[in-house]
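K.L.:
Next one to model:
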Amino acid sequence: MNDTTDQQLLSDYAETRAETAFSELVRRHIDLVHSAAFRLTGEAHSAQDVTQAVFLALANDAARLAHHPVLPGWLHTTARHLAAKTIRAAVRRQTHEQEAAAMHELLSAEPELPWDALAPHLDAALGELSEPDRDAILLRYFEKKSAPEIATTLGISAEAAQKRVHRAVDRLRDLLAQRGIKAGAAGLATLLATQAVQAAPVGLAATVSTAVLLSAGTGAGLGLAAAAKTIAMTTLQKSLVTATLALALGFGLYEHKLAARLASDLAALRVQQTAADRHHAASLAELAAENTRLHSTVTEAAADASAVAQDPAVPAMAAWLERVQSLRSHLQTHPELGIPELKLLKEEDWLDAAKSPLDRPDQFRRACAQLRGQAESRFAQLAHDALQKYAAAHAGHSPSTTDELAGWFKDPVDPAMLDRWTMLPANDPEVRNMGIGGDYLFTQKDFIDEDYDSRQVASDTGRGSMGMSGQKAVRILKKVGAAYAAAHPGKTAATPAELLPYATTPEEQSLIRHQITQAATPRPEPLPEMDPLVAAAIAYAAAHPGKTLADELQLLLRHATTPAQKAALQKLLVGQVSATP
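P.N.:
Alright, predicted model coming up:
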């Protein structure tokens with residue numbers, strides 16, 4: 001029986017009313033349904049009622065559901081809708097209380113997400129997932145299926161099944177985050193695997209199977225109200241049965257008195273049972289109406305899906321999303337192309353990088369470089385904010401190492417990210433042409449792809465980036481300079497012309513000749529006393545586009561990089577103060 005599929009069991013039950021087939025279905029899925037019902041209702045008796053109603057609906061729809069590919073998905077959806085319909089007010093109140101408790105726990109900085117904070121939101125978030133994603137999570141974490149077993153159920157490869165589960169967990173995390181529930185992928189997966197399905201009360205499976213089979217076997221004459229009556233035997237009824245048995249076993253001495261009391265109890269029971277019948281009939285009528293509404297919703301959704309499928313924009317959008325997935329898969333299979341800063345990317349960054357075709361290796365290189373550049377740009381902005389705080393606390397000076405800067409980020413920074421960056425002196429050849437002021441500049445140590453990656457630079461006064469052409473020029477100058485230094489130990493080229501003999505390629509020679517031309521172009525000589533002010537003003541203007549200096553010479557002091565510049569500015573400031581009436 002364990003090897004028989006859910007669909008085969010449903011077919012057996014629908015065709016022959018095989019009780020063993022239905023009992024096996026209940027045994028397989030009772031934990032999943034009861035766990036979901038208990039999470040939704042928060043109350044044991046209500047959870048059992050919902051569980052019974054779900055399997056009653058399964059028995060009634062067995063023939064139709066025999067062709068349903070993933071029964072757990074249908075069971076979970078049905079449990080969610082029935083619980084929401086029958087105990088909506090209680091669930092809403094409980095959810096509000098648990099949301100407040102979850103928010104309190106999050107604000108108190110718990111190191112790990114508690115199950116009690118996640119549970120009230122889990123089923124609603126699962127309901128918002130697409131059917132394939134929801135099926136993947138239910139099969140993996142609720143039904144405890146392995147990747148090969150999921151692949152067999154869904155008709156896909158084991159690798160594709162594993163990827164689908166990972167993608168579904170990520171989307172579930174996003175939906176939970178919208179509700180204020182933040183969890184890491186590993187933590188969420190662990191909670192789902194260990195807490196999502198709890199064992200149903202002992203004996204509940206047998207009770208449900210018996211009650212549903214009795215209900216299904218009563219025929220049309222009894223109907224759903226009689227089935228509900230069978231399921232919902234009250235405590236008073238059980239007590240009366242016990243009293244009757246005790247009476248038959250030998251309490252003849254009190255027979256008359258007990259019979260009178262029993263008659264009175266039976267009369268009260270009839271009154272209670274009549275009211276219970278009316279209540280169950282009304283509840284079952286509501287459930288039937290809800291079932292009709294669900295069928296209508298499915299029909300409308302199918303019609304909407306058909307209309308969407310005929311939209312000419314759909315194939316283009318599908319191809320675009322497929323490129324995004326291809327790009328993600330490419331980075332997963334080539335981890336050497338990734339960087340820790342990719343965690344900072346948003347969904348629109350991936351969409352933007354996948355706009356163009358990804359048919360050739362160079363197209364993937366460009367797309368990966370674009371993602372790295374965007375991620376590094378976001379990290380450089382965080383560093384810029386941290387550098388501003390540092391400079392404000394250190395009289396305008398910049399840190400000389402990233403270790404000094406680490407504690408000034410708004411949020412704790414991933415050490416793996418910070419390890420890729422360094423602080424370079426502002427006059428270092430790597431960054432001195434960036435036009436950004438500051439003592440030291442925050443930039444990357446190296447690059448994944450030197451043909452496509454961009455250099456990001458940040459200081460307390462501004463940010464900038466240098467594309468591949470600028471970086472290529474810097475690399476050429478460093479290479480040619482190294483060749484010159486090897487031939488002239490201890491010396492440094494005084495002019496670009498001295499470097500020309502060591503340029504070995506046309507590209508290198510073209511760049512050096514351009515440097516020679518620039519060096520030979522005459523420039524107007526500023527007044528010696530004003531030279532520091534001009535240099536500082538240029539740096540200030542580059543860091544503050546669109547702003548004017550006016551008479552605030554004090555602002556220029558942060559951009560003076562040499563003792564001579566600082567002394568000249570101080571002299572000008574003294575003159576400015578003495579001339580003030």
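K.L.:
hang on, isn't residue 477 packed against residue 511?
P.N.:
Yes - shown here, residue 477 and residue 511 form a contact pair, counting by CB atoms under 8 Å, at 7.3 Å. C-beta here means a position set from N, CA and C on the backbone, and glycine is covered the same way.
K.L.:
Name all residues that make contact with the nearest residue to residue 40 once chain neighbours are set aside.
P.N.:
In space, and not counting its chain neighbours, residue 40 is closest to residue 83: 4.0 Å by CB to CB, 6 or more residues apart in numbering. Counting by CB atoms under 8 Å, 6 or more residues apart in numbering, residue 83 makes contact with 36, 37, 40, 41, 46, 50, 91.
K.L.:
Just give me the least confident of those residues.
P.N.:
Among the contacts of residue 83, residue 91 carries the lowest pLDDT, at 49.
K.L.:
Going by neighbour count, which residues in stretch 320-327 are buried?
P.N.:
323, 324, 327 (16 or more other CB atoms under 10 Å).
K.L.:
I figured the second one was touching residue 348, is that so?
P.N.:
I take that to be residue 324. No - with contact taken as CB under 8 Å, residue 324 and residue 348 are classed as non-touching, separated by 10.6 Å.
K.L.:
coming back round to it: narrow the contacts of residue 83 to just the buried residues.
P.N.:
36, 37, 40, 41, 46, 50, 91.
K.L.:
so residue 481 touches residue 494, yeah?
P.N.:
No - counting by CB under 8 Å, residue 481 stays clear of residue 494, with 11.9 Å between them.
K.L.:
So what's the residue count around residue 151?
P.N.:
Using other CB atoms under 10 Å, residue 151 has 19 neighbouring residues.
K.L.:
do you know how far it is from residue 165?
P.N.:
Distance, residue 151 to residue 165, using CB to CB, to the nearest Å: 11 Å.
K.L.:
shared neighbours of the two, which are they?
P.N.:
Counting by CB under 8 Å, 6+ apart, residue 151 and residue 165 have no shared contacts at all.
K.L.:
which residues touch residue 485?
P.N.:
Taking CB under 8 Å, 6+ apart, we find residue 485 in contact with 491, 492.
K.L.:
Quick check, pLDDT for it.
P.N.:
89.
K.L.:
Okay, and it sits in which element?
P.N.:
helix 468-487 (DSSP states H and E).
K.L.:
Buried residues, that helix. List them.
P.N.:
So, applying 16+ other CB under 10 Å, buried residues of helix 468-487: 468, 471, 473, 474, 476, 477, 480, 481, 483, 484.
K.L.:
Equivalent analysis for stretch 198-208, please.
P.N.:
For stretch 198-208, a neighbour-count test (16+ other CB under 10 Å) marks 200, 204, 205, 207, 208 as buried.
K.L.:
ok, of those, which one's closest to residue 333?
P.N.:
Nearest to residue 333 out of those is residue 200 (CB to CB; 42.0 Å).
K.L.:
picking that back up, for my notes, please list the contacts of residue 83 in CSV and give secondary structure and distance to residue 457 for each entry.
P.N.:
Shown next, in CSV, are the contacts of residue 83 (DSSP: H, G, I helix; E, B strand; the rest coil; distance: CB to CB, whole Å):
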residue, secondary structure, distance to residue 457
36, helix, 53
37, helix, 57
40, helix, 53
41, helix, 57
46, helix, 61
50, helix, 60
91, helix, 54
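K.L.:
Dump the helix or strand harbouring residue 124 to PDB, restricted to CA.
P.N.:
Assigned by DSSP H and E, residue 124 belongs to helix 115-128. The C-alpha coordinates for helix 115-128 follow below in PDB (Å, rounded to 0.1, in the frame of the first residue of the first chain):
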ATOM      1  CA  TRP A 115       8.700  29.500  15.500                       C
ATOM      2  CA  ASP A 116       6.000  31.200  17.400                       C
ATOM      3  CA  ALA A 117       6.600  34.400  15.500                       C
ATOM      4  CA  LEU A 118       6.700  32.600  12.100                       C
ATOM      5  CA  ALA A 119       3.700  30.200  12.600                       C
ATOM      6  CA  PRO A 120       0.800  32.800  12.400                       C
ATOM      7  CA  HIS A 121       2.000  34.100   9.000                       C
ATOM      8  CA  LEU A 122       3.300  30.900   7.400                       C
ATOM      9  CA  ASP A 123       0.100  29.600   5.800                       C
ATOM     10  CA  ALA A 124      -1.000  33.000   4.500                       C
ATOM     11  CA  ALA A 125       2.400  33.400   2.800                       C
ATOM     12  CA  LEU A 126       2.200  29.900   1.400                       C
ATOM     13  CA  GLY A 127      -1.100  30.700   0.000                       C
ATOM     14  CA  GLU A 128       0.400  33.700  -1.900                       C
END
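K.L.:
in the next helix or strand after that helix, what's buried?
P.N.:
If you walk from helix 115-128 toward the C-terminus, the next helix or strand you reach (DSSP H and E) is helix 131-137. Neighbour-count burial for helix 131-137 flags 133, 134, 135, 136, 137 (criterion: 16+ other CB under 10 Å).
K.L.:
Which one of those is nearest to residue 29?
P.N.:
residue 135 (13.7 Å).
K.L.:
these two touch, right, the closest one and residue 71?
P.N.:
No - between residue 135 and residue 71 there is no contact, the gap being 10.0 Å when judged by CB under 8 Å.
K.L.:
if I pick residue 355, what's in contact with it?
P.N.:
Applying CB under 8 Å, 6+ apart to residue 355 gives the contacts residue 320.
K.L.:
Which element, helix or strand, includes it?
P.N.:
Using DSSP H and E, no helix or strand contains residue 355.
K.L.:
Also residue 494?
P.N.:
Using DSSP H and E, residue 494 falls outside every helix and strand.
K.L.:
what's the spacing between it and residue 352?
P.N.:
As defined by CB to CB, residue 494 lies at a distance of 46 Å from residue 352.
K.L.:
What separation do you get for residue 164 and residue 136?
P.N.:
Counting by CB to CB, the gap from residue 164 to residue 136 is 5 Å.
K.L.:
what's near enough to touch residue 327?
P.N.:
Taking CB under 8 Å, 6+ apart, one finds 350, 353, 354, 358, 364, 367, 368, 371 in contact with residue 327.
K.L.:
rewinding a little: a markdown table for the buried residues of helix 131-137, including pLDDT and distance to residue 566?
P.N.:
Formatted as a markdown table, the buried residues of helix 131-137 follow (pLDDT from 0 to 100; distance: CB to CB, whole Å):
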| residue | pLDDT | distance to residue 566 |
| --- | --- | --- |
| 133 | 91 | 62 |
| 134 | 93 | 66 |
| 135 | 92 | 69 |
| 136 | 91 | 64 |
| 137 | 92 | 63 |
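K.L.:
would JSON lines of the buried residues of helix 468-487 with distance to residue 125 be doable?
P.N.:
Listed next are the buried residues of helix 468-487 as JSON lines, based on distance: CB to CB, whole Å:
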{"residue": "468", "distance to residue 125": "43"}
{"residue": "471", "distance to residue 125": "45"}
{"residue": "473", "distance to residue 125": "51"}
{"residue": "474", "distance to residue 125": "49"}
{"residue": "476", "distance to residue 125": "54"}
{"residue": "477", "distance to residue 125": "55"}
{"residue": "480", "distance to residue 125": "59"}
{"residue": "481", "distance to residue 125": "58"}
{"residue": "483", "distance to residue 125": "61"}
{"residue": "484", "distance to residue 125": "63"}
